[in-house]
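Q: this one's sequence-less:
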Ligand code: PMP
């Protein structure tokens with residue numbers, strides 16, 4: 001029986017069905033307010049509309065994925081043509097199809113030359129989950145099966161499945177017990193604003209990276225197989241590490257023969273103005289996990305990109321890597337990904353982020369908010385940034401009720417027609433890569449209004 005929602009369905013009351021039937025991501029249902037539920041009905045360019053006709057500027061690219069904006073006819077056409085030609089085909093039983101082969105050819109043209117193979121998934125979580133098996137399989141084949149431990153970071157995010165949440169360092173996701181795999185450990189995050197000690201920013205970067213060396217030595221270098229991290233933390237608050245951090249991490253991983261695995265799910269496909277965020281930071285991972293921007297969020301797809309050295313070892317040394325997904329390398333996803341990469345590359349989108357959109361956004365953010373009473377720090381590059389909300393500028397002081405302050409600001413932004421997200425008191429901004437300069441200015445104006453409202457509510461002005 002559908003009696004809870006039958007009436008609602010007849011009335012096209014989607015809010016009611018949503019509230020009655022769905023278990024929502026990262027929500028405490030007890031505190032959900034029915035009046036806060038949104039029904040989004042349409043998207044075009046960098047805007048979406050709700051069922052009352054209200055228009056929102058999407059300052060977050062969906063969830064960091066709709067890099068090309070909404071309703072792109074090229075992507076729609078690619079999906080439709082592929083559904084007509086071949087709607088499904090697996091990669092099982094040694095099978096290829098044109099879309100996935102074209103995708104891999106294009107992808108490896110864009111990736112740095114050290115990468116050689118890819119294993120496709122449907123999401124970032126799956127890619128990071130399989131990464132755990134991959135690392136162990138690699139070290140087995142390399143004759144060092146005891147290198148089974150993976151090290152992640154507190155407040156890192158790698159997905160919501162048991163394996164990927166284990167690699168992540170979100171405390172709330174570990175609270176069910178047994179959701180951190182036994183051989184996964186974590187080190188502190190390189191969160192400069194959160195650091196209160198005597199070190200300079202660059203010294204702090206080295207210190208935070210040094211945590212990895214300490215952990216490897218404590219666990220025994222012979223047991224540690226991989227270090228996994230986002231080049232900049234996304235869900236953790238768009239935290240950019242000091243520039244001293246990544247070179248030191250690279251040195252440590254090289255020294256102890258620990259695979260360096262970069263989660264590029266948020267940072268990949270042009271977000272920083274470089275194709276991949278590790279290129280922006282200048283380090284060289286052995287393995288990348290990708291998703292989101294690969295298809296501009298139009299259909300689900302992710303992947304695990306392996307250096308030629310690792311990929312070839314798995315392929316050439318023989319033995320079964322026991323892994324497979326029904327939808328890996330799905331033709332429709334692959335066709336949309338090919339069209340996405342062509343627009344990003346031949347359409348000049350990534351280039352524009354580096355030369356035009358990124359500098360404009362970063363400049364406008366600093367021009368508008370560096371002196372704002374509520375803003376303690378601005379970080380970012382290309383089309384991604386974070387504003388740290390703080391009670392007094394210049395002191396690295398933090399609000400006791402950070403979460404509530406951030407949430408208030410996010411809601412005010414929504415009232416002003418802007419979608420952004422907050423993690424604690426960090427406002428996260430990641431507009432579509434195709435935003436015009438006028439749309440960036442619209443974002444700045446709306447964000448400014450939300451910051452002013454929040455400062456007023458906190459009696460700071
Ligand atoms: N890695 C990172 C860095 C992410 O931000 C996310 C999702 N926000 C994931 C992995 C998981 O991706 P998915 O939600 O597609 O499983």
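A: It's in. These numbers were taken from a predicted model, which means no experiment stands behind them.
Q: quick one, phi psi at the most centrally placed residue in the chain?
A: Centroid check for the chain by Cα atoms, centre = their mean gives residue 266 as the closest residue, at 2.6 Å. For residue 266, the backbone dihedrals are phi -90, psi -40 (criterion: degrees, to the nearest 10).
Q: got it, and residue 40?
A: Residue 40 adopts backbone torsions of phi -100, psi 130, taken as degrees, to the nearest 10.
Q: state the distance from it to the ligand.
A: The gap separating residue 40 from the ligand is 18 Å, by Cβ to the nearest ligand atom, to the nearest Å. C-betas here are computed from N, CA, C, even on glycine.
Q: burial of the closest residue to the ligand within the stretch 101-250 of the chain, as a residue count?
A: Residue nearest to the ligand within the stretch 101-250 of the chain: residue 124 (2.4 Å; Cβ to the nearest ligand atom). For residue 124, the number of neighbouring residues by other Cβ atoms under 10 Å comes to 30.
Q: how close does the closest residue to residue 398 other than its chain neighbours sit to residue 342?
A: Using Cβ to Cβ, 6 or more residues apart in numbering and skipping the chain neighbours, the partner closest in space to residue 398 is residue 390 (6.3 Å). Look at residue 390 and residue 342: by Cβ to Cβ, to the nearest Å, they are 42 Å apart.
Q: with neighbour numbers in mind, choose between these two.
A: Ranked by neighbour count (other Cβ under 10 Å), residue 390 and residue 342 place residue 390 first, with 22 against 14.
Q: contacts only, for that one.
A: By Cβ atoms under 8 Å, 6 or more residues apart in numbering, the contact list for residue 390 reads 193, 374-377, 396-399, 425.
Q: same check on residue 81?
A: Residue 81 makes contacts with residue 335, as judged by Cβ under 8 Å, 6+ apart.
Q: so it: helix, strand or coil?
A: helix (DSSP: H, G, I helix; E, B strand; the rest coil).
Q: in space, what's closest to residue 269 - neighbours in sequence excluded?
A: Residue 269 sits nearest to residue 293 (Cβ to Cβ, 6+ apart), 3.2 Å away.
Q: and the one you found, how many neighbours does it have?
A: By other Cβ under 10 Å, 27 other residues sit near residue 293.
Q: ok, residue 33 next?
A: Counted with other Cβ under 10 Å, residue 33 comes out at 7.
Q: so what pLDDT did it get?
A: Listed pLDDT for residue 33 reads 90.
Q: how far away is it from the ligand?
A: Taking Cβ to the nearest ligand atom, one finds residue 33 at 24 Å from the ligand.
Q: same check on residue 434?
A: From residue 434 to the ligand the distance is 21 Å (Cβ to the nearest ligand atom).
Q: residues from the stretch 51-200 of the chain in reach of the ligand?
A: Within the stretch 51-200 of the chain, the positions near the ligand by Cβ under 6 Å from any ligand atom are 63, 123-125, 128, 157-159.
Q: tell me the contacts of the residue nearest to residue 430 when sequence neighbours are not counted?
A: Computed as Cβ to Cβ, 6+ apart, the closest residue to residue 430 that is not its neighbour in sequence is residue 384, at 4.7 Å. Applying Cβ under 8 Å, 6+ apart to residue 384 gives the contacts 232, 238, 266-267, 271-272, 429-430.
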